[in-house]
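Enquirer: attaching a predicted model along with its sequence, questions to come.
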Amino acid sequence: MSSSSQSSSLVSLQSSTTTPYLRFSQLEKDTDLDERKPNFNHELEQLLAFWLNEKKKNDIFGSFRTANLHTDCLGEVDVISDAEHIKKLLKVPFNKQSQISMIVHRAGRTILIDEFDVHSHLLRLEKNEWAWFRDFFLDTILRNITVKHFYKKNKSRNELINKDRFVKFLCQSVEAQDESSLSKSQCINSMSDESISPPPHNINNLVKNNTDSSDNNNNKSLNDNDLNDPQQADNTNETSFNKALHRHVLWTFENIKMLIGSDLPIFGDEQHPAVSLRLRDMHKPINVLTGIDYWLDNLMCNVPELAMCYHLDGIVQSYELIKTEDIPYREGSNFPPTVIRDLATNLLSFLKSNATKEGHTYWLFKGPDDDIVKLYDLTSLCETNRDDNPYTLPVALLLYKMASNMVTRSDHDTRSKESGTIRTLLKHCLNMLDPNKFPEYYCAAAYMMSDLYIDDNVSEQSWTSDGSEVMDPDSLNDDLLFENEKEFRPYTTVDINTLVQPQQHRFKNIPDMARLGNIHGTLNARASQALKYLVEALRGNAIHRHSQANNDMNSQSEQDQCQQKSKLVVPLQYKPTRTSSKILIDNKNRLTDDTRLKALILHKAAAAYFCLADGNEKLKHYGLCLRSLRLALKCHSAKIKLQISDTEAKKLLSYIMSIAGDCRRMIAHTTSSEEIDKYREQYNLDNEIDKEFEKVTSEITGEQTEFSWVSELTPMIDRNLFAAVHSYEYAINLVKNLGDNERKRLNLLTKRFGNVRNEMGCFYMNKCEQAVKSIDQETSKEVKELFRKSFESFDSGIQAFESINDVLNIALLYNNLGRLMRLYAQFYAPIVNGTRGEFSQQERQYYNKAFDYYLKGLKLVENRGDLHKTLSWELSGAYYTYATMLQDYAPLSTHPQEDIEKEVIDSMTKSLKYLEIETLSSSSDRNSLATYRAATIHHRLASLLHNALRHQDSKIKRKHLRSLASLHYQKALKLFSVQENPLEYLRVLLEEVALADYELQNATENPSRFKYAQQGLKAAFQCQECIEIIEHNRSSEDSDDYTEKFSQEAYRLLTILNGRIQSFLKEIVKISKTTTVKKKSNENENTTVFEDYKEMYNIALRLNEKSTTFPRDLLQAFERMKKIYDKHSVTIND
C-alpha cells in the first residue's frame, strides 16, 4: 500500500462527559442470535433498539446543538455536522441514485451542515410552516423531479428482522460488569485513552431516561436553553439524540478540521481495546457503500479494528478482525481512499467558495440520477423577512457566541486587531434579529457591539487613541456594503466528476470571508458609535420588559413569573482586560433584572460620554464638552441610583470630574463674548441619541442631579474657577480611595487643583488691585472679603503642592502671596481728604509679611532658573517700594528722622542686592528695567544723603555724607542711559550741581567759594549732551519723542539749570573783580578773566526761558560759554 493512497486522520474527544466503551466477548460458533438466554440484558436491548430508531431520524438543528456545546470550536473548525451527514456526502460518487438534501450555514470559517428531509418538512407539514421554502421548492425543484422520489419507503419485513437480530447480537456480545471486573475495565480505559461504560445498572438508568423522552424532540426548533446553557443543552441532547452512546469528536481529515457527532458503539477487551462490531449475512458480501460506511465510522471515532461476525439465518459462523486501514482494499468492497480525500477537500472548497454570506441559509441539493450538486442561497431566493425562517435565531446566536468567544479570550491588543471580524459577526447578528420579536438577543448583541468601541473599564490604555489620529473614513462604517457588491447568483453547481479530481486542479484557493475594517480613529468617533448601539440595547430591553410585563400579568404564581425571564447571554466581563468582578448573568444564563441591566448600559454610556467630553476638551470645543459632561454625569447618577456604586463607577466618575475641572478652568480663561456664544450654541445642539438618554435618566433621577453645577455654562470667571476647584477636589477624594496604583493620577489631579487655586487667588488679587485704586468706606468690607478669598486660595494651593512636594509651584504661590501682601499694605495706606498720609504701621506690617513670603520662596528654589530670578526681582521691587514709601511719606510723628533714614538706606541696599542677578546678566529680559531701577535707587540714596548732609552739623560726618552722596550720584549717572533717560540723567546732574551750590553757600572764604562755583559750573556743562537730546526730540517728527509731559519737565529742569549757571557765573564774576587770577600756562601774562566770565554771565542772562526755542537757545549758549570756559583753567592768587 503506497503512502500516497493513504489518508491522514486524527481524532480527539470533544465531549465533556465520559464516552461509554462496552466490554464484549466473541460469541461461540452456532450461537442462535434469535434466541434469548436466561441472563439476557433486556434493558440494554431497549437502549440499543431505541438507538437504532433514533439513528434514522434527522435533526435539522443538529449542527447548532453541537456548536452550542462547543462554542470554542466556532471559527476554528471547517465543518460542524453529524457523522451520518458526512458519510452521506462522501459516498455520493459511488451511488448515483443517492439524493442529497442538506441545509448549509456559514459562521466565520466554519460550515454547519444539517440533513433536511423534504418529505417531512415540505410535503407533510401544514402549509403555514416553511411556506417561504415550500413555494420555492414547488416552483423550482418539482418541475424536474417526480414527487415520489421524496417519499420514504416503509421498511420491509426483512429489514425489521435484521434490525432485531443486530440488537440481540450486540446485547449478547456485551459482558455484564460486576465490581470485580471494574478494575479491568479501567485498565482497558487507560489503554484506549477512552472511558469505559458504566455498570449495567447505570445503563439501566440511561435506558429509562431515554425511553421516556418524546419522539418528536429531534425536529422541533431549538429552545432557548439549548442555545444559551451548555449544561442544559447537553441534557436536552441526552433525550433528543440518545446520548448514552453519543459523542462529539474533533476529526482532522486531510487538514480538514471537523467537529462531528457520532453514536457508533465502541467495544473492547484486553486484547482489542477498541473495536466496532458488525453483523453480516455470509450470503451477502460487503459492497463499496458499506465498506466506505464502516471505514469512515472507524476513522471518525479513531477505532483501529472492525470485528465482523458472520451468520447464516441467525446462527453465528465465524468472526473476522479487520484493521481499519485495510477496509478500502477488501475484495468486493474496495475503493480508493484518495477519491474520498479529494471529494472531501473539493466539496469543502466548493461550499466555502459559494456559501460566503454569514446569516444566509443555503440548501445543498442533488436529485436522483443527477450528475451535479446544486447550492441554493435560500435567503436571497425566497421571499422571506427572516422571521419565518426557523434558522434565523440559531444562526444569529451562533454569530453572537463567536464574537463573544473572540472577545473573552483575547487581550486588549489582540481584541483591537480582531475588531473588524467581531464587528462583522455582531452586525450580521443585529441585521438578522427583529428587535420586536427577539428583543433580549438584540439587546445583548447591541451591548457587545458598543463594547467594541468603548471599553467600560477605565484605564490609561482605554482612554487613549490607538495612535491613528488620521482616521480612515470607512474604519467606523458598519454597513455591510461588501456583501451587496458580490454578484448575485441564484444557485451554483458543481459536477460530481469534478469533485473527485485531485485537489490541486479545483477549488484550491478559497477566498477569505469579507470583513469590516478594524476599529481605528479618535475616541470621539468611537464613543459616538458606542452610544448608537447602547440606545439600541436600551430599546431592545424596553421591548423585552414590556413583553415580560404582559406575560407576568397572565402568570399564576411567582414561580411562573421567574420562568418568563429571558435566557439572554449578556456579554461577560472580559477577564484578560478587565479587573471588575461584575457578573452580568445568573447560573442559568438568564438576563439580569431590568434594574441591573439598565445600570450596566448607563455605566457604559457614561464612559462613552466621558470619551466625547475628553475629545472635545482637547479640541477646545468646550460647549460640546460641557454637554457631554452633563450627559455623562446624568448617566452616572442614574446608574448609582439603580445600583450601589462600585470601584469602576468611582474610577469613571473621577475621570469625568477631572475633565470637568479642565473644561471649566479653560472657559474661565475665555474673555471673548463671541467665543462664549459659540460654546452656548454647541451646548444646545441636540440629537436623538442624547434625547433617549435624557429621557431614561430623567425617569430614574428626575430633571436635577447632584452634579448640575458641574455642567453650567456661564461667562462668569469666578463661577467657572469655583466649579473647577470643586471638580478637582471631588476627583481627588475619589482617587484617594482607589489605592496606591492611582498615585500618579492623584499627584496630577493635586497639581491641577493647586494650579486652579492659584488662578482663583490671582483672580481675586486682581480684583483687589482694581478696588484699592478707588476704595471708599462703603466698599471697604467687600474689598476685605476679596483679600480673604485670595489669601485662602493661595494658601489652599500651597497645601496642595506641599502634599506632592512640588517645590517650584510652592515658591510661585509664595511669590503671589508676597504680591498680595503688598496690595494689603496699599489698602491700609492712610488717605485723608484725598491726601496721602504718613507711612502707617499696618503698611509696615504687611510689607514685612511680603518680604517673608518672598524669602520663603527664594529659600525653596535657591539658585534654580527663572523662578529664582522672578522672586529676586519681586523682592527687590518690594524693598524698593517699601523704601520709597517710607522715604516719601516718612512717619516722622512716630519715628525719629535718623531711624527712618537708616531703614530706607537698608531697604534700598537690599533692593540693590536682589537686583544683581538681573543687572549682571546682559541677556536677561529684565536687564534694562533692572538697570533703570538700580540707577533710580542710587539716585534716591544720593538724594537722601544729600538731604541728610544739609541737616548735619558735624564736619566729619558732613564730609562722609558728601563723599557717599557723590558716589551714588556717579553710580546713578553710570547706570542711567543718557539716550534713553535724558530727563533722569539731567535730574541727577542737577542734583550734583545743587550739591556744589550747597557747598558754595556754606563757604566763607573767596578761594573756597570760587572753587565750588567752578565745580558747579563744570558739572553744569556736563548737561550739554542731555540738552542736545532734548532739542533733538523737540524737533523730531515723531510725537512720541516729545510729549507734553516730557516738554514740561524738560523746560522745568532746563530753567533750573540756567538759574544755577547764572548763580555760579555771578559768583565767579563777583570774586574775579577783586581777586587776581592767572593762567597756569603762562604766569608772566597778567591778564584777568573778568571780562570773559562777565561775557558768559551776559549770555546766560539774555536767554528767554519762556521761549518755545529755549532748549535750542540754551544749547547754543552752552556752546559759546563752553568755548570761553575752556580757555581758562584758573587758580586764585592770595
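Expert: That came through, no problem.
Enquirer: count of neighbours near D718?
Expert: 14 (other Cβ atoms under 10 Å). No exception for glycine: its C-beta is placed from N, CA and C like everyone else's.
Enquirer: before we move on, what about H669?
Expert: By other Cβ under 10 Å, neighbour count at H669 equals 11.
Enquirer: K957 too?
Expert: Here the count is done by other Cβ under 10 Å, and K957 has 12 residues near it.
Enquirer: show me what contacts V339?
Expert: V339 makes contact with P93, V500, according to Cβ atoms under 8 Å, 6 or more residues apart in numbering.
Enquirer: what's the spacing between whichever strand or helix holds L855 and its chain's center?
Expert: Assigned by DSSP states H and E, L855 belongs to helix 841-861. Distance of helix 841-861 from its chain centroid, counting by Cα atoms, centre = their mean, to the nearest Å, is 46 Å.
Enquirer: now do the same for F267: helix, strand or coil?
Expert: The three-state label given to F267 by DSSP: H, G, I helix; E, B strand; the rest coil is strand.
Enquirer: give the contact list for it.
Expert: F267 touches Y21, L22, R23, F24, S173, V174, A274, V275, S276, L277, A307, counting by Cβ under 8 Å, 6+ apart.
Enquirer: again, only using 7 Å
Expert: The contact partners of F267, by Cβ atoms under 7 Å, 6 or more residues apart in numbering, come to Y21, L22, F24, S173, V275, L277.
Enquirer: where do the domain boundaries of this structure fall?
Expert: The record's domain parsing of the chain by the TED database lists 11-17+24-147+239-378, 434-448+521-550+578-738, 1023-1133.
Enquirer: gap between K736 and N747?
Expert: According to Cβ to Cβ, to the nearest Å, K736 and N747 sit 11 Å apart.
Enquirer: re the thing from before, in helices, which of the contacts of F267 fall?
Expert: S173 (DSSP state H).
Enquirer: which one (most neighbours) among the contacts of F267?
Expert: Most crowded among these, counting by other Cβ under 10 Å, is V275 at 24 neighbours.
Enquirer: my guess is that one meets M308, correct?
Expert: No. With contacts counted by Cβ atoms under 7 Å, V275 stays clear of M308, the gap being 9.9 Å.
Enquirer: buried residues of the helix or strand in which R539 is found, list them for me.
Expert: Taking DSSP H and E as the criterion, R539 maps to helix 523-554. Within helix 523-554, the residues scored as buried using 16 or more other Cβ atoms under 10 Å are 523-545, 547-548.
Enquirer: swap in stretch 896-905?
Expert: For stretch 896-905, using 16+ other Cβ under 10 Å, the buried residues are I900, E901, E903, V904, I905.
Enquirer: hmm, which two among these are most spread apart?
Expert: Largest separation among the buried residues of stretch 896-905 by Cβ to Cβ: I900 and I905, giving 9.7 Å.
Enquirer: hang on, the earlier thing: ok, which of the domains of the chain comes nearest A800?
Expert: A800 sits nearest to domain 434-448+521-550+578-738 of all the domains of the chain, at 8.6 Å, using Cβ to Cβ.
Enquirer: what about the helices in the stretch 551-700 of the chain?
Expert: Ranges of helices within the stretch 551-700 of the chain are 558-563, 594-618, 622-642, 647-668, 673-683, 688-701, based on DSSP state H, counting those that start in this stretch.
Enquirer: and if you look at the stretch 401-550 of the chain?
Expert: 412-417, 419-432, 439-453, 481-485, 496-499, 523-554.
Enquirer: what's the third one packed up against?
Expert: Pointing back at helix 439-453 there. The elements that helix 439-453 packs onto, with contact taken as 3 or more Cβ pairs under 7 Å, 6 or more residues apart in numbering; DSSP states H and E, are helix 392-408, helix 419-432, helix 523-554, helix 594-618.
Enquirer: so what's Y310 up against?
Expert: Applying Cβ under 7 Å, 6+ apart, the residues contacting Y310 are R280, M282, Q317, S318.
Enquirer: and the last one, helix, strand or coil?
Expert: The one in question is S318. Assignment for S318 (three-state DSSP): strand.
Enquirer: the chain should start at 451 in everything you say after this.
Expert: Sure, I'll start counting at 451 from here, so that last one is S768.
Enquirer: excluding covalently adjacent residues, which one is nearest to it?
Expert: Y760 (5.2 Å; Cβ to Cβ, 6 or more residues apart in numbering).
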